[in-house]
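1. Would you be able to build a 3D model of this:
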Amino acid sequence: MPARRANHPTILPEAVKRFGRNRLIEGTGLLLLATTAFVLLSVFSFTPDDPSLNHATDAYVRNLGGSTGAAVADLLVQWFGFGSLLFAGVLACWGIRLFAHHTLPRFGRRLALFPLLLLTAAVLLTALGTKTPAGWDVAGGGAIGMLSFTPLGNSMPTFVVVPLAVLLGAALLFYVSAIPAEGWLHAARVTAFGARNSAKLTGQAASIGSELTRRGLSAIAARRNRRVEPRLTATAQAETPKATAEPRIAEPAEKRRPLVAVPSVGTKEGRRASAARQTKLD
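-> Numbering: from 1, shown residues only. Predicted coordinates for the structure are as follows:
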């Protein structure tokens, strides 16, 4: 093989080929993920009144996937019921595997066992008596589940059919999805971590909300119990008579107090005044 490659050189280097091949595989994975989103959108917006392959009508298409989404959702829901969600889940697993690891080993076998996985899921949903939304008008496992469970239910009791369907479905899902055991364990740990943190954040939010509510109620109660002093309104103030200043009448001169103190009559005169008076007399 090395000699043949040397005799027949390629135009593009091996690194460029590997790069292009990996990008092509990643594009296929993204295409599968986009198909998964389209299928889920179509199934969740499914209504039996939309025009489809088995319902000819000129009514307005209410499916979010348009006329194509209405036809795809009608086939999946009518045939597999809630098993149509499993169809989208397997496509998502294949897309993630191709995008992350650039490989999907034994794809032919997994593709061949895919219908058996959907059949097992439809039988399990029918055996459990799963109910679909009222507008769907179909059993939980669809027409495939009803047709397959009827002979099984006649030959063996339901409590035997359910465990067998669970074991077979789990084995098929583990193999068909192409997700290794480490991937499932990692997904379980991530789910548990997310659930724990969600519960913690929900509890904290509830605690903060209750505290804010308590403070708000306390403030409202304190405001209601606070004494409000009576105040006159503008109208009352306008109607209240204002006190007028009386004119000040001047006091008579006799009643005015002298600015300089005048000695009283009974005041004893001084020595100098007595001597001066005595000299005048002489």
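
2. Leu168 touches Leu119, doesn't it?
-> No. With contacts counted by C-beta atoms under 8 Å, Leu168 stays clear of Leu119, the gap being 9.7 Å. In this view, the C-beta of every residue, glycine as well, is placed from N, C-alpha and C.

3. The two - which one has more neighbours?
-> Neighbours were counted for Leu168 and for Leu119 using other C-beta atoms under 10 Å; Leu119 has more, 21 against 17.

4. Distance from the chain centre to the helix or strand that contains the more buried one, please.
-> Element membership for Leu119 (DSSP states H and E) is helix 107-127. Its chain's C-alpha centre and that of helix 107-127 lie 34 Å apart, by C-alpha atoms, centre = their mean, to the nearest Å.

5. counting contacts, what elements does that helix pack onto?
-> helix 66-80, helix 83-101, helix 142-155, helix 158-176 (3 or more C-beta pairs under 8 Å, 6 or more residues apart in numbering; DSSP states H and E).

6. What's the mean pLDDT across that helix?
-> If you average the pLDDT over helix 107-127, you get 91.

7. What lies in contact with it?
-> 79-83, 86-87, 90, 104, 139-142, 144-146, 148-149, 152-153, 158, 161-162, 165-166, 168-169, 172-173, 175-176, 178 (C-beta atoms under 8 Å, 6 or more residues apart in numbering).

8. Could you do stretch 173-185 as well?
-> 86, 89-90, 93-94, 96-97, 104-105, 110, 113-114, 117, 187.

9. Using CSV, write out every CA atom in that stretch.
-> C-alpha atoms of stretch 173-185 as CSV (Å, rounded to 0.1, in the frame of the first residue of the first chain):
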residue,chain,number,x,y,z
LEU,A,173,-31.6,2.4,23.3
PHE,A,174,-28.2,1.9,24.7
TYR,A,175,-27.0,0.3,21.5
VAL,A,176,-28.9,2.3,18.9
SER,A,177,-28.1,5.7,20.4
ALA,A,178,-24.3,5.1,20.0
ILE,A,179,-23.7,6.8,23.4
PRO,A,180,-21.1,4.9,25.5
ALA,A,181,-21.7,4.1,29.1
GLU,A,182,-19.4,6.9,30.2
GLY,A,183,-21.6,9.3,28.2
TRP,A,184,-24.7,8.1,30.0
LEU,A,185,-23.0,8.4,33.4
